Each structure stands twice: as structure tokens, then as C-alpha cells.
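1. sequence and predicted structure are below.
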Amino acid sequence: MHVYTECGGRNMSPVLTWSYPPEGTKSFAITMFDKTANGGAGWLHWIVLNIPAETRVFPRGMGMAQQPLPDGVNVIPNSWGHAGYDGPCPPAGDDREHQYIITIYAMAGEHLEYPLNGIGQSTLNWLEDNALSTATVKTRYLREP
């Protein structure tokens, strides 16, 4: 279900829930990063900014036509250049298990403007440097031959 369509999935983002943000949280950000991809440089699958501070659940498929993002939420183009979620799908012939890291960032700013030209590890560093706190879940995916 969460896997990219090219790898046989439905390309739907997973359900995410969180609670107890730190004091001063004005918004949240979410990323999904494949740290195994791109020769170890990684690949960003999803970057969402300006999620309202009162949000505690991102339903499955958030950002798709049937589950639109709340007003004011911004999606930054991922490593494919798509503004949205793109699920796991290592290149054909890649027989390594890939690790996907989904992180929720509690941010002190209500409206964040992404200041960098490129995306990748620098995006994660910028979010981490500006976050009050983070929560992370890791999952793995191995493409079927």
C-alpha cells in the first residue's frame, strides 16, 4: 500500500500519529528519507512543512485527492522533484534492503520558508537545526526481484 506504484504499491503515505509536543511548538514538519539510496547519500521521499500545531494525526494517503492537506501546509518537492509522498521503490536490480526514516519535527515557527536550493541531507540538517524536538520511526523495504 505504501510502496511506490512502480514497485507494485498504491503510493499512499502511512498513518502517522504523535502526542505531547514540547512547549512552544507552533507547527510540525514531516520527512521520509531513504538513507541507503543514491550510493549512501540518501533520497528524500516526502517533505511536509507548516502542519498546524494542533495536528496529532496524518491519515493514510494524506495529500492525495481523497485526503487533501490542511490549508497552509506546504509540500516541498522530493528527490524525484514531486511535491508529495513517493513511497519506497529501490531501483530495479538493487538487492539491498533499504532503510526508510520517517521523522516528525516540532517547530517553533508557525510558517517556515525553506531557504535552500537543493534537497537531501541538507534539508534534514536544516530541519533538525531548527526543531524543538523530533520523533522518528524506521522501517525497511527490499524490492522483489
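-> Looks like it arrived, so ask away. All values derive from a computational prediction rather than experimental measurement.

2. average pLDDT across stretch 83-102?
-> For stretch 83-102, mean pLDDT rounds to 91.

3. show me what counts as buried in that stretch.
-> Gly84, Tyr85, Asp86, Gly87, Pro88, Cys89, Pro90, His98, Gln99, Tyr100, Ile101, Ile102 (16 or more other CB atoms under 10 Å). The C-beta positions use only the backbone N, C-alpha and C, and glycine is treated the same way.

4. in helices, which of those fall?
-> Using DSSP state H to define helices, no part of the buried residues of stretch 83-102 is located there.

5. mind listing what's buried in stretch 28-44?
-> Buried, per 16+ other CB under 10 Å, within stretch 28-44: 28-37, 42-44.

6. just give me the closest of the residues you listed to Leu127.
-> Minimum distance to Leu127 across these is 5.6 Å, recorded for Ala29 (CB to CB).

7. other residues contacting the strand or helix carrying the closest one?
-> Per DSSP states H and E, Ala29 falls inside strand 27-34. Outside of strand 27-34, the residues within contact range by CB atoms under 8 Å, 6 or more residues apart in numbering are 13, 16, 18, 21, 42-53, 55, 58, 85, 88, 90, 98-107, 109-112, 123-124, 127, 131.

8. any idea how far the helix or strand following it is from the chain center?
-> Once the chain leaves strand 27-34, the next helix or strand it forms, by DSSP H and E, is strand 43-52. Relative to its chain's centre, strand 43-52 lies at 5 Å (CA atoms, centre = their mean, to the nearest Å).
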